[in-house]
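Q: Any chance you can model this:
(2 chains)
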Protein chains: 2
Amino acid sequence: MTTLVFGHKSPDTDSTGSPIIWAWYLNEIKGETAKPVLLGEPNTEAAFVLTHWGLDKPEIISGVDAGTPVVIVDTNNPAELPADINSADIRAIIDHHKLVGGLETKGPIDIRIEPLACTATIMHKMIGDDLAQAPKAIKGAMLSCILSDTLEFRSPTTTQEDMAIAHALADDLGVDLSAYASQMFEAKSDVSAFSDAELLRMDSKEYTVDGKDFRVSVLETTAPKLVLDRKDSLMASMVDVAKEDGADQVLLFVVDILNEEATLLVPNDLVKTVAEKSFGATVTGDTVVLPGIMSRKKQIIPNLKV
Amino acid sequence: MTTLVFGHKSPDTDSTGSPIIWAWYLNEIKGETAKPVLLGEPNTEAAFVLTHWGLDKPEIISGVDAGTPVVIVDTNNPAELPADINSADIRAIIDHHKLVGGLETKGPIDIRIEPLACTATIMHKMIGDDLAQAPKAIKGAMLSCILSDTLEFRSPTTTQEDMAIAHALADDLGVDLSAYASQMFEAKSDVSAFSDAELLRMDSKEYTVDGKDFRVSVLETTAPKLVLDRKDSLMASMVDVAKEDGADQVLLFVVDILNEEATLLVPNDLVKTVAEKSFGATVTGDTVVLPGIMSRKKQIIPNLKV
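A: From the prediction side, this is the model:
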């Protein structure tokens, strides 16, 4: 039976690339039969990465049949996975996020979670010397995942291991790391094709703080103006998105990759309170700049207060 | 701040030895400050191992203060840990059990779970070449953990990795593996000092099956007669233990290590049904022999039906 390898819903570069990397490893090195799949359309950066390295876009699935062998990468959060995930035969989890709880396995399985910036970095360590057998596209996917998740080493989630591995991969591939990262971020910044609701859900995770359910959305971009010019319609759309998704509020952080700051949209008093209590911000209008804030995982979620 | 390293409540050899091994690694190799502790009195086998290798018995703690850095080994189940575990600063989890859910961490941490027989086997892999610097007692603890959890390779949880590492450790230490395992199992089989209630709780885990809460207790012994001679008072004691612990029923499996079978005590119709549905057993009296059953994790829990 083919093992399906997938990351989280609304796949970014790491959740698109890491399943491809791991399925390669299982197929070519471990002699198993595995297939990378996606839980949604990849974002524009991930789509650029696939095209750039000549990788096929994995099939998009909406659920898994009971008993299907699966490997979950880049998340351990059931909310970011198919509703029927616990009925699958979960074979392994490789992730770099905090332990959320909720996934259950019938027996002991391989779980490897490390506080690194990127799933692909952990895979690089696990694959070890066997990576020499990987085609360029697999190494290119790995490099792309690390550059994406670290925002080219600007994010505070970046570790020495992520950096060292990315530089080694770029050298091996003969890639100009900064030039390539710029191409990736440009692809990510092109949000013109997306509706407001799509933008709000593109890179979004649900968290509950003091009984309030938040959809914490992040847009990483080198061109924040393209998003902020749409702030009025984005704020209007937040009401519908929150309602449809059963959340109390959408929080949209527009992360300016190059200037290393985030702008939070402030549509109402609830978000104003969140901005003040969580980040000590002084809010005067319907947006507030949060200097240095780039990481949902490391800076936004741990500080979120209501 | 000193990092506390501990395993599960009612510590067996793996939950006693693995914290000692990992605290050694953190202190001597990683340059951190760590201390092994226990969540209860070690069982007779674990106590024998400590004495045999000249290891100090770790301090027994009953809870952890909020914010205390901790490393959890040999379990990921909150029910087997202090009630306030999620208020601690959980730094890492090293385990070989199925993912239960319930532990939460504030940020991403190191989690390493592998389907091996023993936590110490995973630690052996993680410590790698640095193990050469370990004193004999640390290697002896490692060997003891593996022999205990695999019942000297008789348990179906045993993997090639567990076996290979145990043999390499025994060679390195100049230990006669079988003779030493026999000493350990003899120590474990001496249950004369324990009350019935203590025996029922000695190696016991709680599981819910179809709404029924079971305390699934296992006694691994080379002298099952010593336990089975006490079956009447053990069955009487089950009622009180279940009540005190908020369970519906205690299931006691007396595992005969040498004959590779378990005897289940059958005090009532509920347990009779469990024996029949779970193991296809034919129950005629107040005990039933289950040939080949040695592992709670691999054979008892996955099959438990009501």
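Q: and A:G40, that one's in a helix?
A: No - counting by DSSP: H, G, I helix; E, B strand; the rest coil, A:G40 is not part of a helix but coil.
Q: right, and it touches A:E59 too?
A: No - using Cβ atoms under 8 Å, A:G40 is not in contact with A:E59; the gap is 11.6 Å. The way it works is simple: take the backbone N, C-alpha and C, and place the C-beta from them, glycine included.
Q: okay, those two: which has more neighbours?
A: A:G40 (18 against 11; other Cβ atoms under 10 Å in any protein chain shown).
Q: Near chain B, which residues of the stretch 201-306 of chain A are found?
A: Applying Cβ under 8 Å from any Cβ of the partner chain, we find that the stretch 201-306 of chain A lies next to chain B at A:K297, A:K298, A:P302.
Q: Is the second one in contact with B:G107, as I believe?
A: Yes - under the criterion of Cβ under 8 Å, A:K298 lies in contact with B:G107, with a separation of 6.9 Å.
Q: So for those two, which residue has more residues nearby?
A: A:K298 (18 against 15).
Q: Quick one: the helices in the stretch 151-300 of chain A, in order.
A: A:160-173, A:177-189, A:196-202, A:224-228, A:231-245, A:269-279 (DSSP state H, counting those that start in this stretch).
Q: how about the ones you listed in JSON lines, adding mean neighbour count and mean pLDDT?
A: As requested, the helices of the stretch 151-300 of chain A are exported to JSON lines (neighbours: other Cβ atoms under 10 Å in any protein chain shown; pLDDT from 0 to 100):
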{"stretch": "helix A:160-173", "mean neighbour count": "17", "mean pLDDT": "98"}
{"stretch": "helix A:177-189", "mean neighbour count": "18", "mean pLDDT": "96"}
{"stretch": "helix A:196-202", "mean neighbour count": "19", "mean pLDDT": "94"}
{"stretch": "helix A:224-228", "mean neighbour count": "17", "mean pLDDT": "95"}
{"stretch": "helix A:231-245", "mean neighbour count": "16", "mean pLDDT": "97"}
{"stretch": "helix A:269-279", "mean neighbour count": "17", "mean pLDDT": "96"}
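Q: Mind putting those helices into TSV with distance to B:V175?
A: Formatted as TSV, the helices of the stretch 151-300 of chain A follow (distance: least, Cβ to Cβ, whole Å):
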stretch	distance to B:V175
helix A:160-173	37
helix A:177-189	52
helix A:196-202	59
helix A:224-228	65
helix A:231-245	60
helix A:269-279	57
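Q: Out of the ones you listed, the one nearest B:P291 is which?
A: Using Cβ to Cβ as the measure, helix A:160-173 is the one of these that comes nearest B:P291, at 49.3 Å.
Q: For the stretch 51-200 of chain A, give me the ranges with low pLDDT.
A: Within the stretch 51-200 of chain A, no stretch has pLDDT under 70.
Q: Name the residues of it found near chain B, please.
A: A:93, A:95-116.
Q: Mark which of these are buried, thanks.
A: Among these, those classed as buried by 16 or more other Cβ atoms under 10 Å in any protein chain shown are A:93, A:95-103, A:105, A:108-116.
Q: Among those, name the ones in strands.
A: Among those, the members found in strands (DSSP state E) are A:I93, A:D95, A:D110, A:I111, A:R112, A:I113.
Q: Can you pull the domain assignment for chain A?
A: Chain A breaks down by automatic domain parsing into domains covering A:3-187, A:196-303.
Q: Adding distance to B:L173, write the ones you listed out as TSV.
A: Shown next, in TSV, are the domains of chain A (distance: least, Cβ to Cβ, whole Å):
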stretch	distance to B:L173
domain A:3-187	27
domain A:196-303	44
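Q: Could you count how many residues lie near A:A120?
A: Neighbour count for A:A120, taken as other Cβ under 10 Å: 35.
Q: Would you check that it makes contact with A:I138?
A: No - contact criterion Cβ under 8 Å: A:A120 and A:I138 do not qualify, at 9.9 Å.
Q: Now for these two: what residues contact both?
A: A:I21 (Cβ atoms under 8 Å, 6 or more residues apart in numbering or on different chains).
Q: all strands of the stretch 1-150 of chain A, in order?
A: With strands called from DSSP state E, counting those that start in this stretch, the stretch 1-150 of chain A shows them at A:3-6, A:34-38, A:59-60, A:69-73, A:89-95, A:110-113.
Q: Packing partners of the third one?
A: Okay, so that is strand A:59-60. Secondary-structure packing of strand A:59-60 (3 or more Cβ pairs under 8 Å, 6 or more residues apart in numbering or on different chains; DSSP states H and E): strand A:34-38.
Q: Let me have the residues of the stretch 201-306 of chain A next to chain B in a markdown table, adding pLDDT as columns.
A: Converted to a markdown table, these look like this (pLDDT from 0 to 100):
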| residue | pLDDT |
| --- | --- |
| A:K297 | 87 |
| A:K298 | 88 |
| A:P302 | 89 |
